[in-house]
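# sequence unknown, structure follows:
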């Protein structure tokens, strides 16, 4: 609206200062003092928006990862708590199953915490890669080369760091599934009276544990992948 008002005032001129009215012709740009757009400022603003989007994504990844970590640690505490509530006269080995599942869920929580750290490095690398592409398109080769160097260094670092938690994750998931199967067998054979209802507690914790596992696996698959792709080639 301010631009339109400025254009009308310039087109009309100012008779007090002996200004000649500027005719408004379709297709002709009328210069307006104070309303010129600075290309460099717009470029910087675009870079700020790019960085802002990655900051939002980083916060999402960190929050989702921490929630998965806390969920696993909470389930770990519940399994261990109920393990000591299984009576000695229980005819099934629910106490051992609860203790094993508690340890495995604790390990899963630690692995999720490691993934949060790796994910931050990955997102930082992707941010540098996006800036490198943007600067190269704009012809800012020096800045593009600097960002590309940062991208390659952090991408290599993230690709190395992700190997350890991924290997631990595979082992922990297999152990978790094995203990689930053993627990299902033991809970099916357990006597409700002699086990003081711990068989029902197992089914409730199993449902909660499986839901947490599915949620964390989906979050991991969406957010913790190593940065791939190809940067724009440098101009010759």
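Yep, it's here. Keep in mind the model is a prediction, meaning the values are calculated, not measured.

# drop to CA atoms for contacts and neighbour counts, all remaining ones
Will do.

# what about the spatially most central residue of the chain, which SS state?
In the chain, the centroid-proximal residue (Cα atoms, centre = their mean) is residue 61; its distance is 2.3 Å. Here residue 61 is helix, with the state taken from DSSP: H, G, I helix; E, B strand; the rest coil.

# hmm, it is touching residue 116, no?
Yes - the pair residue 61 and residue 116 qualifies as a contact (Cα atoms under 8 Å) at a distance of 7.1 Å.

# helices along this protein, start to end?
In chain order, the chain shows helices spanning 2-12, 39-83, 94-137, 141-161, 163-189, 198-223, with DSSP state H as the criterion.

# which of these sits most buried?
Sort the helices of the chain by mean neighbour count, taking mean count of other Cα atoms under 10 Å, and helix 94-137 sits at the top with a mean of 22.

# same for that one, what does it pack against?
helix 39-83, helix 141-161, helix 163-189, helix 198-223 (3 or more Cα pairs under 8 Å, 6 or more residues apart in numbering; DSSP states H and E).

# how far is the last one from where the chain is centred?
Read that as helix 198-223. Relative to its chain's centre, helix 198-223 lies at 20 Å (Cα atoms, centre = their mean, to the nearest Å).

# could you give the average pLDDT over that helix?
Confidence over helix 198-223 (mean pLDDT, whole number) is 82.

# that one packs against which elements?
Contacting helix 198-223 under the criterion 3+ Cα pairs under 8 Å, 6+ apart are the following elements: helix 39-83, helix 94-137, helix 163-189.

# out of those helices, nearest to residue 153?
Counting by Cα to Cα, residue 153 lies closest to helix 94-137 out of the helices and strands packed on helix 198-223; the figure is 8.0 Å.

# report the angle between the closest one and helix 198-223.
With axes from the mean of the first three to the mean of the last three Cα atoms, to 10 degrees applied, the angle from helix 94-137 to helix 198-223 works out at 10 degrees.

# closest to residue 151 out of the helices and strands packed on helix 198-223?
Between the helices and strands packed on helix 198-223, helix 94-137 lies closest to residue 151; by Cα to Cα that is 4.6 Å.

# okay, angle between the closest one and helix 141-161 too, please.
Between helix 94-137 and helix 141-161, the angle formed by their directions is 160 degrees, by the same axes, to 10 degrees.

# the inter-axis angle of helix 94-137 versus helix 39-83?
Computed by the same axes, to 10 degrees, the angle between helix 94-137 and helix 39-83 is 170 degrees.

# same question for helix 94-137, mean pLDDT?
Mean pLDDT, computed over helix 94-137, is 85.

# that one vs helix 163-189, what angle?
With the same axes, to 10 degrees applied, the angle from helix 94-137 to helix 163-189 works out at 150 degrees.

# contact partners of stretch 164-180?
Contact partners of stretch 164-180, identified using Cα atoms under 8 Å, 6 or more residues apart in numbering, comprise 97, 100-101, 104-105, 107-108, 111, 114-115, 206.

# how about TSV for the residues you listed, with distance to residue 168 added?
As requested, the contacts of stretch 164-180 are exported to TSV (distance: Cα to Cα, whole Å):
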residue	distance to residue 168
97	20
100	16
101	16
104	11
105	12
107	9
108	9
111	7
114	11
115	11
206	21
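
# looking at those residues, which is nearest residue 77?
Top of the list for closeness to residue 77, among the contacts of stretch 164-180 and by Cα to Cα, is residue 105 at 8.9 Å.

# next one: the closest one relative to residue 147, how far apart?
Distance from residue 105 to residue 147, counting by Cα to Cα, to the nearest Å: 39 Å.
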